[in-house]
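> Fold the following for me, if possible:
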Amino acid sequence: MADIDLLPRNDFSRRIIHLDMDAFYASVEMRDRPELANKAVVIAQDPRKTGGHGVIATANYRARKYGVGSAMAAAQAVKLIPAEELVFVEPDFAKYHRVSGQVHGLMHELTDQIESVALDEAYMDVTRSKIPGKSALELASYLQEQIFRQLHLTSSFGVSYNKFLAKMGSEYAKPFGRTYLAPDRVQDFLDRQEIKRFPGIGKKTQERLKEAGVLTGRDIRNYGLSRLLKDYKKSGYYMALHAYGIDLSPVQASRQRKSLGKERTFEPVIYDPDRADAYLKDFSQTVAAELKGRNLLARVVVLKVRDRNFKTITRRQQIQPTSDPEVFYQLAKELLAREPEFLAEGIRLLGLSAGELEEKHYQEISLFADE
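Below is the predicted model:
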């Protein structure tokens, strides 16, 4: 019996759009500051002014050509990008939140079945849209054009019959890309994709697969479901599903999430407390922006740490309901300081999440004067 016969049947009836804003934070800053044109823009604190500290939130495409990207130490940008091109811009998450709201407003003109993944990314189920008689490709193209005309920002989209394929499509032709994956073209498209293009296959797994000669989607299928299950357990099952273009997960509109978080795996491990501190500050700002975008408050902060020997801990701290990044940052910093042995051994993974979420029904007032 073929592997495809052991997997759930595909559902070709849905019409899903995945919208991804192009280098969102950097694009907003370039729109608002014309002098940044023809510059390599890096959204981070300037490490030349902070003693080498800071983590990159994102970078524009000019900066990415030099190998600079999100979650890198900001000091790397100084080494990789010529000084006459490089410009650091401190992130303004309140502004990005406002612009994200405008983008989501345009999405709601098409459908209310919207699942926001981040400030700059969302899935839309337009199987039954608010604009009858238009195909999913026409709707996505219209949305992309409206974002450009009204907000002067570029975006990329993918259209297909499930979320996985729609996301593969939006990543395929960035920036300002548009990709439609019709059912009869999906298998050929997936067979040609490198494994690094498949969402959910991390770098460590990529290395293992490559050692086994698995380089493309076709190779994943040829590897076989039984071997994938044996070697990779649950993640192997999802690799098989995706290699055949199967994803039955629904677009979950207005879902109430139990937690929001961000984490980073380090290879090699890190020992520098200042670098760990910079990541915690970046994670705090990102999580806070996510909460504000969803109109949520958190009642608990959770720190996750793993050392080079794979010892892992989580530490929780109850708080008054808030979405204040400074509160998250200070608590995470204190929680990490209570576990000094992890920096001594070397941190392999660091993460911060906000939990016990609730909707905000009042205006939050910050206790910090500079806000």
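> what mean pLDDT would you report for the strand or helix carrying residue 19?
Per DSSP states H and E: residue 19 is located in strand 16-21. Here strand 16-21 scores 98 as its mean pLDDT.
> Check which residues of the longest helix seen in the chain are buried.
Counting residues, the longest helix in the chain under DSSP state H turns out to be helix 273-293. Buried positions in helix 273-293, judged by neighbour count with 16 or more other C-beta atoms under 10 Å: 275-293. Every C-beta, even on glycine, is put in place using the N, C-alpha and C of the backbone.
> Just the C-alphas of it, formatted as PDB.
Coordinates of each C-alpha in helix 273-293 appear next as PDB, following Å, rounded to 0.1, in the frame of the first residue of the first chain:
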ATOM      1  CA  PRO A 273      25.000  37.500  30.100                       C
ATOM      2  CA  ASP A 274      24.800  40.700  28.100                       C
ATOM      3  CA  ARG A 275      23.800  38.800  24.900                       C
ATOM      4  CA  ALA A 276      21.200  36.800  26.800                       C
ATOM      5  CA  ASP A 277      19.900  40.000  28.300                       C
ATOM      6  CA  ALA A 278      19.600  41.600  24.800                       C
ATOM      7  CA  TYR A 279      17.600  38.600  23.600                       C
ATOM      8  CA  LEU A 280      15.200  38.800  26.600                       C
ATOM      9  CA  LYS A 281      14.600  42.500  25.800                       C
ATOM     10  CA  ASP A 282      13.800  41.700  22.200                       C
ATOM     11  CA  PHE A 283      11.500  38.800  23.200                       C
ATOM     12  CA  SER A 284       9.700  41.000  25.600                       C
ATOM     13  CA  GLN A 285       9.100  43.700  23.000                       C
ATOM     14  CA  THR A 286       7.900  41.100  20.400                       C
ATOM     15  CA  VAL A 287       5.500  39.400  22.900                       C
ATOM     16  CA  ALA A 288       4.100  42.700  24.100                       C
ATOM     17  CA  ALA A 289       3.500  43.800  20.600                       C
ATOM     18  CA  GLU A 290       1.700  40.500  19.800                       C
ATOM     19  CA  LEU A 291      -0.500  40.900  22.900                       C
ATOM     20  CA  LYS A 292      -1.400  44.500  22.100                       C
ATOM     21  CA  GLY A 293      -2.200  43.500  18.500                       C
END
